[in-house]
Structures are given as structure tokens and as C-alpha cells.
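A.B. asks: let's see this in three dimensions:
(chains A and B)
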Amino acid sequence: EPEVTQTPSHQVTQMGQEVILRCVPISNHLYFYWYRQILGQKVEFLVSFYNNEISEKSEIFDDQFSVERPDGSNFTLKIRSTKLEDSAMYFCASSERTATGELFFGEGSRLTVL
Amino acid sequence: KQEVTQIPAALSVPEGENLVLNCSFTDSAIYNLQWFRQDPGKGLTSLLLIQSSQREQTSGRLNASLDKSSGRSTLYIAASQPGDSATYLCAASINTGKLIFGQGTTLQVKP
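C.D. replies: Okay, here's the model as predicted:
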């Protein structure tokens, strides 16, 4: 069964360092998303991406964050200068259709900022 | 602003019981509602998707209902098993396909 894959599964970094989280969405999907879950808190929307541009972003998704689809398969989330509060599980998701489409999530990338 | 709430936060039942998990949302203008399962430290596994025009969806021992007018959805699990132990999340899709999540119900099914 097709699935969303994410790498790395866990990354530890020093505050101020750049981090890139990678995702391979399901191949025929057109809409891509990043969500995050801080330990013990709700899953939160970060950004949606379609047709090589951001469709919507949340207040969390400030100038330190960026997303990119560098080729036909990968979808990346970059955090330019990590802060302690960026420590969280980051989930990539994809869907065939927005609004009414079912979202499929990856296993997540746990980011720990020291 | 859409808010999603799940009650109870935690639930412990003996194996074999039927149970209901509740989800409420404040804005009835949703496109769909999706139920997920999350095992500790793992990703989100989609269980059921109910479109806004539908009343319920079934998959195996799971049945999810949706009442937009009252802002409620329920997930019914029949004949619970220890393997059902996990956190169950509901999420409402608003107009951009963005999901607003509840905080989840952590279920423990005791053998």
C-alpha cells in the first residue's frame, strides 16, 4: 500500500542550526502538508503546498520556516535557525484532493533542539 | 475560529466491550471529518473519513458518525481488543483542506 515516508526519524541539533526534514509523498498525490506535534499537545497545521507554491500557512510558519519540492518526489521542510521551542514531532501528509480529500500522514520526524 | 474537542481524554475498558469516543467541533462549516489512530511515538494512521454530506462511515469494527448541525462526531469501536489500545484523534477539515485536530482520547483495552 502506498505510504508517505519521512527522514530522518529523529534528529538532534543545536539551537541556531539549520535543519531540513524530508518527505516523499504518495506518488499520485498533488497536495502536501506539514504538521507538528509538541509533546503532550495537539497536532498543529503548519503549511499546505500545491502546484509548487504555498497555499496556506499558519502563524507558526514564520520566516524561519520554508518548504520546497526540489524534484518530482521529495517535499522538504527547512528550519533556518532552530530554537528550543521547535522541538516537536513533524509530520508530513499528502492528499489527492484538497478540502474533501483524505490526508495520509508519514511516521514523523522527531526534532530535538538542545 | 474552529476548535475541536475530544471527550474523554482517557478511557480504560475490559476486552470485548463496545465503546464510543466523542468529538465536537465549534464551526459546522466543515468539508469532512477524519479519525486517526496514533500509537506512542508513531505517526497518524487514517481510520475513517466522513464527508460533510455523509452521516456515517464503517470499516470493520469501527463506525464513525457525523452530525454537522450539532457539531458532533462519534467513533464507535465494537468488541474492543488489546490491540486497539492507542490514542484516537479526530480532525475537522476546513475550506483549504487544513485539518484542525482534537487533543485525542487515549484508549487502553485490558485483556
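A.B. asks: what residues does chain A have near chain B?
C.D. replies: Residues of chain A lying close to chain B (C-beta under 8 Å from any C-beta of the partner chain) are A:31, A:33, A:35, A:41-45, A:48, A:55-56, A:91, A:93, A:95, A:97-108, A:110. From N, CA and C alone the C-beta is placed, and that goes for glycine too.
A.B. asks: B:Gln57 and chain A: what is the separation?
C.D. replies: Computed as C-beta to the nearest C-beta, to the nearest Å, the B:Gln57 to chain A distance reads 11 Å.
A.B. asks: name the element that residue belongs to?
C.D. replies: strand B:56-59 (DSSP states H and E).
A.B. asks: helix or strand right after that strand?
C.D. replies: Once the chain leaves strand B:56-59, the next helix or strand it forms, by DSSP H and E, is strand B:62-67.
A.B. asks: list of residues touching that next one?
C.D. replies: Residues outside strand B:62-67 that contact it (C-beta atoms under 8 Å, 6 or more residues apart in numbering or on different chains) are B:33, B:35, B:47-48, B:50, B:52, B:54-58, B:72-78.
A.B. asks: check stretch A:10-23 too.
C.D. replies: Here stretch A:10-23 makes contact (C-beta under 8 Å, 6+ apart) with A:4-8, A:32, A:34, A:74-84, A:86, A:90, A:92, A:106, A:109-114.
A.B. asks: list the buried residues in it.
C.D. replies: A:11, A:13, A:19, A:21-23 (16 or more other C-beta atoms under 10 Å in any protein chain shown).
A.B. asks: please apply the same query to stretch A:74-92.
C.D. replies: A:75, A:77, A:79, A:82, A:86-92.
A.B. asks: what's the spacing between it and its chain's center?
C.D. replies: 7 Å (C-alpha atoms, centre = their mean, to the nearest Å).
A.B. asks: can you get me the start-to-end distance on that stretch?
C.D. replies: For stretch A:74-92, the first-to-last residue distance is 11 Å (C-alpha to C-alpha, to the nearest Å).
A.B. asks: backbone dihedrals for the residue nearest the centre of chain A, both of them.
C.D. replies: The geometric centre of chain A, computed from its C-alpha atoms, lies nearest to A:Trp34 (C-alpha atoms, centre = their mean), at 3.2 Å. Main-chain torsions, A:Trp34, degrees, to the nearest 10: phi -120, psi 130.
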